[in-house]
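Q: Take this sequence and fold it.
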Amino acid sequence: MKKGGGQRGLVLRLILIILVLAFTYLFFFTDIFPTGYWIKSGSSPSVFNCSDCQDCNFAIANASAGDIIQLNVSINATSSCINITLKPNIIFDCMNYPINGSSSPIGIFLSSSNNGQIRNCNLTGFSYGIYLSNSLNNTLTNIHTDYNDQGIYLLKSNKSVLTGITSNNNNNGTIIAWSYYNNLTGIISNNNLQNGIYFGTDSDSNNLTNAIANNNSKAGCYIFHSLYLNIVNLTSKDNAYGIEFEYDSNNNTLRDSYLQNNSLGIYMSTGYNGSILNNLIYNNFLNNSNYNFNKFPNYLNTVKTFRTNIIGGIWTGGNYWAAPNGTGYSQVCSDVNSDGLCDSLFNFWGGTTTDYLPLTKNASTCVETWGCSGWGICNISGMQTRTCTDSCGTNASMPNLNQSCTPDTTSANLIYNWCYQEFANVSTSCGGLNTGTYTYSGIWTDTAPTDIISNAYDGNWTTGASILSGGTTGHLKINYTKPANVTSPSLWQTKNGLGTYNLTIPSSCWSYSSTKISFDVEAYAIYPPYHSNWSCYNGTSWVSINEPFDSYPGIYEEAMIWNITVPSTSSTVASSSNGGGGTVPTTTSPSVNNTGSGIGSGVSGTEGIGTTVSNNIVAVSPTQPGIINVNDAQIYLTKITLNVLESVQSASISVTKVNVLDDANLKIGLPSGQFYQSFRINTSGVDHSNIANATIQFKVNKLWLTYQNGTINGVNLYRRTDTSSQWSSLTTTFEKEDNEFYYFNSLTPGFSTFAIFFRTCQGIECTLGNLSSIYPFMIIAIVILIMIVIFIIVRKIIISRKK
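A: Residues are numbered from 1 along each chain as shown. Prediction:
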């Protein structure tokens, strides 16, 4: 008894040891549990916590691609601290703990390492806060490098992303040198002893967006020997130079920026015997005492474009030239035509550098004078449209472009003349199977049918009755179903011997039955001539009809030939009940100032009221889609391609911009995000049931999407039908991009109300939330449950053996 009990105890101890070992393995060597020094699995990254420079560098040296090294305390470094060399795909996270140097060389050094990340770091007291060298595709996020010699330095490092960078009170804030194709967003570089943001030698094709560089002793933004930089929304104030171009800095772009209270707003230095030319500077707010342009040609405006400009006007062209004392060119120029652009150009350096479209707020009062075309045809849906124009470029008093009307449903005088020949190989007046023409008077709005025959078939020359040897008569009896729409007498074509003959079937034969005729053809030999005797069955007996013809004895059914004349019963006269066309007198509205904000901007995309664009399309068929190009600055559609099920001879499509601010109901049923633009598409001349599908192509302003902190993956076209208040997401595909817009297309089954929308919540996390935080605890519970079940099963086995 004791021996058995000892064995049971031994087995239970072994089971307990196995469970403890299994639990230990899971705890320390897998990522199932949320705590531990290392959290490791085959597919997930390792995470290592470090507490000093040596500790962190040891972890980095032993890390694999995808691993994360996290700082868990502040560090005071007496020499260079973090070293990431030849370690691709490493993430170093300071976790917002500071790394303080004491005139130490480098805070974080990343060299010959690609696809890495440095984030959440605060570095002070170094010669270089962060130094990237000979590396590619790295990301720096949420970095503070203050009170260093150089804040952030990129040397020969390309295609990296810097976001949320603050570099204040250094010698230079952020330096990019010999580095290409980097994207810098949300950069703040203030109070530096030299330059806030520095693009050094051969730093070509970099993008700087949403940057602030104020109160630097030299330039807010300094460009040296660099090409094709794109600088957007730079704020540069209280510097010696707002922006400085030096030595062969050509083909760069500065736009949508604010340069104010600098000693020289724009400085183009001609030192080093270099050239500075072909730089494009437009749509900037410039309020500085002086500017220094060189003798080489540079461009201070783009083409006149209908887009909200830097001072809120409706046209983008050049720059707003102000001066602290109120005498800047844009502050004093005239604007007689009230377009928000100065009437005269603004010259620098004897005309080599000129702003041909300087912006101004000095618009004269413009009186809207609208001229409208006559109302168009009243369509079957009871709607007609017209076009109206005004020279002011505003639409505060735009007349109505759409109105209800009563369509004229009077039947048109439409007559079909149709000939249906069942056997196409016989020469008759018909052109073949189911062919014919139609004529009409009046205005025909529907498509003429292409098939009005049914219950008819091709003859085959095989049904026949011959006169037997020694006999005198032969009979051929046929039941024939009447084709649809037949109102006139028809012919029955027969073949006797070598000839074919058309024998008229009188109307009296059809009077016995409206759908089917039964007739008997009897041939009898009386030489000469031969004759045939027709008999129609009236339901009780045969009614004879005699017709002579010459041939040999024998009758063969070949084909029926139907001559059809049918008046239309569904056509309508497409003219409006109020008389249709004509011209509308010019109307004069109260005076308005054209610098108001009632027009949609290229950034917000949600302003403006009721802009409508109409286009006519002709000859649309299942094999020839209708294509219209939308060329209106206020509507961000570019093209609509319409596919139909049946041909239409003419149709029109109108696109009306919907003011999102005026209709709160538009937001019902949409996910979290932002409207870009809403619009409605209407058609006339083509029924909704005849629309197979349509492709809508549209564009989204890059700057607007940047302001939303969004990407192209979040852009979608939504549709709401007229019978529902809910939105449905349409399949949206990215097509291409240019300097200003992203372009997309979506496929829709029909037309109604649409919304170009940026959703901030994407994917399954919108509905299920982020489960990653509870996942480890779910695994723990499952593991413990399995252990308990195993223990119970083994215990029961032991007990059963005892019994």
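
Q: Paired strands for the longest strand seen in the chain, with orientation please.
A: Ranked by number of residues, the top strand in the chain under DSSP state E is strand 117-133. Counting by DSSP bridges, the strands paired with strand 117-133 are strand 91-93 (parallel), strand 98-111 (parallel), strand 139-145 (parallel), strand 150-155 (parallel).

Q: now those as CSV including mean pLDDT and mean neighbour count?
A: For the C-beta atoms, the positions are set from N, CA and C on the backbone; glycine is no exception. Compiled in CSV, the strands paired with strand 117-133 are given as follows (pLDDT from 0 to 100; neighbours: other CB atoms under 10 Å):
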stretch, mean pLDDT, mean neighbour count
strand 91-93, 95, 21
strand 98-111, 93, 21
strand 139-145, 96, 21
strand 150-155, 95, 26
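
Q: Could you export the ones you listed as JSON lines, including distance to Asn183?
A: Below are the strands paired with strand 117-133 laid out as JSON lines (distance: least, CB to CB, whole Å):
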{"stretch": "strand 91-93", "distance to Asn183": "19"}
{"stretch": "strand 98-111", "distance to Asn183": "17"}
{"stretch": "strand 139-145", "distance to Asn183": "10"}
{"stretch": "strand 150-155", "distance to Asn183": "12"}
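
Q: What segments of the chain are helices?
A: 2-29, 53-61, 329-332, 507-511, 702-707, 765-768, 775-802 (DSSP state H).

Q: where among these is the average confidence lowest?
A: With a mean of 38, helix 765-768 has the lowest mean pLDDT of the helices of the chain.

Q: Contacts only, for the closest residue to Tyr181 other than its chain neighbours.
A: Using CB to CB, 6 or more residues apart in numbering and skipping residues adjacent in sequence, the residue nearest Tyr181 is Lys159, 4.7 Å away. Listed by CB atoms under 8 Å, 6 or more residues apart in numbering, the contact partners of Lys159 are Leu136, Asn137, Tyr180, Tyr181, Asn182.

Q: before we move on, what about Asn278?
A: With CB under 8 Å, 6+ apart as the criterion, the residues that contact Asn278 are Asn250, Asn251, Pro297, Asn298, Tyr299.

Q: coming back round to it: out of the strands paired with strand 117-133, which is closest to Asp632?
A: Among these, strand 139-145 comes nearest to Asp632, with 39.4 Å by CB to CB.

Q: quick one: contacts of that closest one?
A: In this structure, residues lying in contact with strand 139-145 by CB under 8 Å, 6+ apart are 96, 107, 116-124, 129-130, 132, 151-152, 160-167, 170, 173.

Q: Quick check: ChimeraX command selecting the buried ones in those.
A: Per 16 or more other CB atoms under 10 Å, the buried members of those correspond to this ChimeraX selection:
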select :107,116,117,118,119,120,121,122,123,124,129,130,132,151,152,160,162,163,165,166,167,170,173
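
Q: What is the neighbour count of Ile782?
A: By the criterion of other CB atoms under 10 Å, Ile782 has 11 neighbours.

Q: if I look at it, how far off is Ile788?
A: Distance, Ile782 to Ile788, by CB to CB, to the nearest Å: 11 Å.

Q: Same question for Cys378.
A: 79 Å.

Q: So between these two, which is more surrounded?
A: Set side by side, Cys378 and Ile788 show more neighbours around Cys378, with 23 against 11, by other CB under 10 Å.

Q: Let me see the backbone angles for the more buried one.
A: Here is the backbone geometry of Cys378 (degrees, to the nearest 10): phi -80, psi 110.

Q: Was I right to think it contacts Pro407?
A: Yes - the pair Cys378 and Pro407 passes the contact test of CB atoms under 8 Å, sitting 4.9 Å apart.

Q: Check what pLDDT Thr447 gets.
A: Thr447 is assigned a predicted lDDT (pLDDT) of 38.

Q: Could you shift the numbering so residue one becomes 29, and keep it that way?
A: In the new count, where the first residue is 29, that last one comes out as Thr475.
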